[in-house]
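Colleague: Below are the sequence and a predicted model; questions follow.
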Amino acid sequence: MTVVGLDDTDSRERGMCTTYVAAEIGKRLRRAGATVSRLLLVRLNPAVKYKTRGNAALAIHTDADPDLAFDVARERLETLAEATDERTNPGLAVAADEPAAVPDDVQAFTRLAIRDHLEIDDATALLDRHGYRSWHVGDGRGRIGAVAAVGAWPTLEEWTYEYISYRAPERWGTPRTVDDESVFAAADWGYPTVWDTVDRGEDEPVCVPHTPGPILHGIRGDDPDVVREVAARIESEPVVSSQLFVTNQGTDVHLREGTLESVVDGRAYRVDGRVASEPETRRGGHVFVDLESVADGDDSTGDEPARLACAAFEPTKRFRDRVRTLRVGDRITACGECSQGTLKLEKFAVRDLVTTERVTPTCPDCGRTMKSAGRNQGYRCRDCETDAPGKAERSLERDLEVGWYEVPPCARRHIAKPLVRGGFDAPIHPEQ
């Protein structure tokens, strides 16, 4: 068997898509008489700065001779990659390995590529050590993703599917013609097996991209037959080709367990904490709230608790309203990428809600609000001369419940797990 890995073929301005390049390589290999068993779409660390929107690397599993696979892949990359963009640095790696028997150090590399940061030299060292054939343009940063894609199959345990339909080349860069009503109807038919096809709250078909590349629409879900059927139900301009990808999208595999003390920029975490500030809406509509650490088994720490700012940015739309309803003292689990010392929220779980607040007591005789009787002297009703030793507790009506809340589909990262997929440790409140 042979594994072909590739990455970094697209451009923010000029378009292209590495999934399309991989699909074209697979098509050429089949024409040459080879069998292609699967194509992997592997989302890497979304916090890496050298990325286009999704930070995807691709792998092709085939029985083609490694030399043939290399020649076909290189030709397609040279023809299709947008290498004239100085920020596009394609990379190719071809391994004469069984996909499930990739060396341990390559698997470790894949794990790091999804949760950490790597350098080009890290990739070239593995290419040399294992004798993998490789090719690149420019600085060849794409070799990082290419090697990571080679190691993905035995490394990752959870997989989903995406069925991508492609446009005719002469239509690339022009507005897409897709019937929105048919997209919503297809999404309703396939949900919840198929997810993130539309955003009902924003009335937006999120499966249709806005970039100038070759993708017409991409359907994601847990069953390959269902994603194909949803795609078939969409009315649109002609589909000239399509491809099913096995992918780590929607799995949360980028999240690492962390503490407020341990988070560093450029990684994504799942952290526990207590709300330490009232949510604040800042210029641009972004909502910020601070978390503080809590010692195990206690509501306070012996030392000054660690604090971490969390943010729900404007593109997360109605998710910000969930964050705005948090109160000081609520206990939550927060998930997201840390950037410039701030956790960019992707989802959070309410663990414990503050359900009472302390208020100035009212007089039991006349019902008026009491006044302070002086420092540390409680409260007194000046009319009835009744008194109270301190503030009273009043029940709070909360718009939140215990459980998980998430950003809407229009703001979801490709690798982030939608709540509707299940497997969470508390009740879920999914967005559709």
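Modeller: Here it is on my side, so go on. Keep in mind it's a predicted model, so treat the numbers as computed, not measured.

Colleague: Can you give the domain ranges for this protein?
Modeller: According to automatic domain parsing, the chain comprises the domains 2-155, 160-247, 255-355+397-429, 356-395.

Colleague: In a markdown table: those, plus mean pLDDT and mean neighbour count.
Modeller: Bear in mind the C-beta positions are built from the backbone N, C-alpha and C, glycine included. Formatted as a markdown table, the domains of the chain follow (pLDDT from 0 to 100; neighbours: other CB atoms under 10 Å):
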| stretch | mean pLDDT | mean neighbour count |
| --- | --- | --- |
| domain 2-155 | 90 | 21 |
| domain 160-247 | 96 | 19 |
| domain 255-355+397-429 | 93 | 18 |
| domain 356-395 | 82 | 13 |
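
Colleague: For residue 281, give its distance to residue 200.
Modeller: Residue 281 sits at a distance of 24 Å from residue 200 (criterion: CB to CB, to the nearest Å).

Colleague: no no, residue 229
Modeller: 20 Å.

Colleague: Okay, and residue 153 sits in which element?
Modeller: Element membership for residue 153 (DSSP states H and E) is helix 152-155.

Colleague: Can you tell me what sits against that helix?
Modeller: 3, 40, 42, 57, 59, 61, 99-102, 107, 110-111, 248 (CB atoms under 8 Å, 6 or more residues apart in numbering).

Colleague: Likewise for stretch 222-234?
Modeller: With contacts defined as CB under 8 Å, 6+ apart, stretch 222-234 is touched by 160-163, 165, 178-179, 182-183, 185-187, 189-190, 193-194, 197, 217, 219-221, 242, 244, 421.

Colleague: Filter these down to the ones in helices?
Modeller: 182, 183, 185, 186, 187, 189, 190 (DSSP state H).

Colleague: next one: the helix holding residue 153 to chain centre, how far?
Modeller: Offset of helix 152-155 from its chain centre (CA atoms, centre = their mean, to the nearest Å): 19 Å.

Colleague: Residue 347 is in contact with residue 407, correct?
Modeller: Yes: assessed by CB atoms under 8 Å, residue 407 is found in contact with residue 347 at 6.8 Å.

Colleague: which residues do the two both contact?
Modeller: With CB under 8 Å, 6+ apart, residue 407 and residue 347 have common neighbours residue 416.

Colleague: Give me the distance between residue 355 and residue 390.
Modeller: 19 Å.

Colleague: got the contact list for residue 127?
Modeller: Residue 127 touches 93, 134, 143, 147, counting by CB under 8 Å, 6+ apart.

Colleague: A helix includes it, no?
Modeller: Yes: the assignment for residue 127 (DSSP: H, G, I helix; E, B strand; the rest coil) places it in a helix.

Colleague: What's the separation between residue 176 and residue 184?
Modeller: Separation of residue 176 from residue 184 (CB to CB) stands at 16 Å.

Colleague: swap that for residue 327, sorry
Modeller: Taking CB to CB, one finds residue 327 at 36 Å from residue 184.

Colleague: With residue 95 instead?
Modeller: For residue 95, the distance to residue 184 - CB to CB - is 42 Å.

Colleague: One more: residue 408?
Modeller: Remark: distance between residue 408 and residue 184 (CB to CB) = 15 Å.

Colleague: what's the answer for residue 269, then?
Modeller: Plainly put, residue 269 is 35 Å away from residue 184 if you go by CB to CB.

Colleague: just residue 194 next, same as before
Modeller: With CB to CB as the criterion, residue 194 and residue 184 are 12 Å apart.

Colleague: Ok, residue 195 next?
Modeller: Going from residue 195 to residue 184 by CB to CB gives 14 Å.

Colleague: what does residue 220 give?
Modeller: Counting by CB to CB, the gap from residue 220 to residue 184 is 16 Å.

Colleague: ok, the spatially closest residue to residue 346 that is not a sequence neighbour - contacts?
Modeller: Nearest in space to residue 346, with sequence neighbours left out and distances taken as CB to CB, 6 or more residues apart in numbering, is residue 336 at 4.5 Å. Taking CB under 8 Å, 6+ apart as the criterion, residue 336 is in contact with 268, 269, 310, 343, 344, 345, 346, 347.

Colleague: who's in contact with the fourth one?
Modeller: The reference is to residue 343. Contacts of residue 343 (CB under 8 Å, 6+ apart): 263, 269, 271, 291, 308, 309, 310, 311, 334, 336, 337.

Colleague: Among the residues you listed, which are located in strands?
Modeller: 269, 271, 291, 308, 309, 310, 311, 334, 336, 337 (DSSP state E).

Colleague: Report the contact partners of the third one.
Modeller: The neighbourhood of residue 291, defined by CB under 8 Å, 6+ apart, consists of 260, 271, 273, 274, 275, 276, 307, 308, 310, 332, 334, 343.

Colleague: which one among those residues gets closest to residue 18?
Modeller: Distance to residue 18 across the contacts of residue 291 (CB to CB) is lowest for residue 343, with 28.8 Å.

Colleague: Quickly list what that closest one is bridged to.
Modeller: In this structure, residue 343 bridges to residue 310, residue 338 when assessed by DSSP bridges.

Colleague: do you know how far it is from residue 242?
Modeller: Look at residue 343 and residue 242: by CB to CB, they are 37 Å apart.

Colleague: Please, where are all the helices along the stretch 1-150 of the chain?
Modeller: 18-31, 66-80, 104-115, 120-130, 142-150 (DSSP state H, counting those that start in this stretch).

Colleague: wait, which of those is closest to residue 285?
Modeller: helix 104-115 (30.1 Å).

Colleague: Give me the contact list for the closest one.
Modeller: Taking CB under 8 Å, 6+ apart as the rule, helix 104-115 contacts 42-45, 57, 95, 118, 122-123, 126, 129-130, 144-145, 147-152, 154-156, 248, 253-254, 256, 267-268, 415.

Colleague: residues contacting residue 283?
Modeller: Counted by CB under 8 Å, 6+ apart, residue 283 has zero contacts.

Colleague: can you check the one 5 residues further on too?
Modeller: Residue 288 makes contacts with 279, 280, 282, 309, 310, 311, 342, as judged by CB under 8 Å, 6+ apart.

Colleague: so it bridges to which residues?
Modeller: Going by DSSP bridges, residue 288 forms beta bridges with residue 280, residue 311.
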